[in-house]
Every structure is written in structure tokens, then in C-alpha cells.
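Chemist: give me a 3D structure for the following:
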Amino acid sequence: MNNVYKLISPRYENVFIHVVQGHFVSANNHINYYIGTSDVKHNHDVAVDTAMLLSEYYNTNGIQVDTVLCLYETQALGAYLAHELSRPNMFRMDTKQEIFVVGSEYDANGNLIFRDNLVRMIKEKNVIILISAITSGKTVERAMESVQYYGGNVVGISSVFSAQDEINSVHVNTIFSSRDIPEYRAYQAHDCPMCRQGMPVMAIANSYGYSVL
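Modeler: A predicted model of the protein is given here:
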């Protein structure tokens, strides 16, 4: 695709995403921009610096974190985030804290589940939900419900990009937002103006990437 541009964080120049304009179909919406976070998830240097930026919110607000729940290939980023949060810092001078990093698994109905060996990392723990990009927030809502089912407490939501400022009254700690892409829009499939205008769908998109049609 030729209409790709790089959006760099004003807080740190090594943290960036790729933005692609077009007509994309995701699980819950039609969107006019695809947010590419591959470097954040798979490039060591970018992931380390992204984790540093995300950790600032929890450190400065004194939010204790026991577990980072990683959705859609964010385990590497989650490990670096846990490392940043576990270290003593100017806001918490105590010894290094143990933080679990848990990946996501879904059943046949799309429900997030935790195997018996992982339940102890969720139950009665303060959990951060980590995801690369948030559009409607429905995926995060389902993850929050699952954490609650298993007895965990969601204390934070972190993302690289988010079109939502909060989900179920929990603040979204994000590096990029829709304010950085003012034209960003998400539509229900039955109410998509791009479809009404006859604009062909360019790709099927999800948190793993996109597949051009």
C-alpha cells in the first residue's frame, strides 16, 4: 500500500506506529484508517521504549500491578512493561516487585479463558489489560469481564493506540489516540458511509495485521 505514513510519539522519537488510510473491515467495525503496531510488538528497541512510556502512568499514580494480561501478540511488550513496573523508582522505593505476564487464550465461543495453572496469576490480583489498538473497546470489555469472572481486579488498560479515553470507567493509558488522527472514524457495518459511496474494502484487519483483498 502506498498511502502509509509514520506517526512518531512527541514524548519519544523511537516510539512510532504506521497509519494506513483506506476502507478496512475489523471484527466489530468498518474503519477508515488501519493502525499498524508491528514494530511496537516485534522490534525489541521500539518495544522497550514503548513499555517505558506506558509504565509512567502507573508509577506516577501509584497504581500497584500484579499481572499484565497481554492480548493479541503483545507478550513481548508486556514483559518489558512488567520489567519497568517491577523496578524500584522515585515513586516506589521498595524492593523489586514480582509481576506476572499472561497471554490470552479463547474458547470456541470467543470467551477469554485461563487454564488452571494460570488462574493464580489472575485471582485476587491487580491486572492491567494490554492491547495494541482499541477502536470500539468491545474486545477490552470482554477481557475485563473474563478477569472479573476469575476473581481479578482490572486496575488499568494500556494500548499503543486508542479511540477510547476510558472503558467501563477505567482510564485508557495510551501513547497515541484518535486526537493524533483527527479524521479517524469507525462505523457499524450497516451504517458505513464508505460502503454507501461504493468504496471497495481494501483489507480485512485485526490486531494481528491486515490481509489485502
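Chemist: tell me where the protein has strands.
Modeler: For the chain, the strands defined by DSSP state E cover 4-8, 16-25, 30-36, 67-70, 100-102, 105-106, 112-113, 126-134, 153-162, 166-167, 170-177, 186-187, 203-206, 209-212.
Chemist: low-confidence ranges, this structure, go.
Modeler: For the chain, the stretches with pLDDT under 70 are 1-2, 89-96.
Chemist: quick one: the residue nearest to the spatial centre of the chain from residue 207, how far?
Modeler: Centroid-nearest residue in the chain, with Cα atoms, centre = their mean: residue 131, separated by 2.0 Å. For residue 131, the distance to residue 207 (Cβ to Cβ, to the nearest Å) stands at 7 Å. (Each C-beta comes from the backbone N, C-alpha and C, glycine too.)
Chemist: for the two, list the residues in contact with both.
Modeler: 71-72, 139 (Cβ atoms under 8 Å, 6 or more residues apart in numbering).
Chemist: now rank the residues you listed by neighbours and give me the top one.
Modeler: residue 139 (24 neighbours; other Cβ atoms under 10 Å).
Chemist: residues contacting that one?
Modeler: Residue 139 touches 27-28, 71, 131, 207, counting by Cβ under 8 Å, 6+ apart.
Chemist: re earlier: mind putting the strands of the chain into JSON lines with distance to residue 78?
Modeler: What follows is the strands of the chain, written out as JSON lines (distance: least, Cβ to Cβ, whole Å):
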{"stretch": "strand 4-8", "distance to residue 78": "22"}
{"stretch": "strand 16-25", "distance to residue 78": "17"}
{"stretch": "strand 30-36", "distance to residue 78": "18"}
{"stretch": "strand 67-70", "distance to residue 78": "4"}
{"stretch": "strand 100-102", "distance to residue 78": "5"}
{"stretch": "strand 105-106", "distance to residue 78": "14"}
{"stretch": "strand 112-113", "distance to residue 78": "15"}
{"stretch": "strand 126-134", "distance to residue 78": "5"}
{"stretch": "strand 153-162", "distance to residue 78": "9"}
{"stretch": "strand 166-167", "distance to residue 78": "18"}
{"stretch": "strand 170-177", "distance to residue 78": "13"}
{"stretch": "strand 186-187", "distance to residue 78": "25"}
{"stretch": "strand 203-206", "distance to residue 78": "18"}
{"stretch": "strand 209-212", "distance to residue 78": "18"}
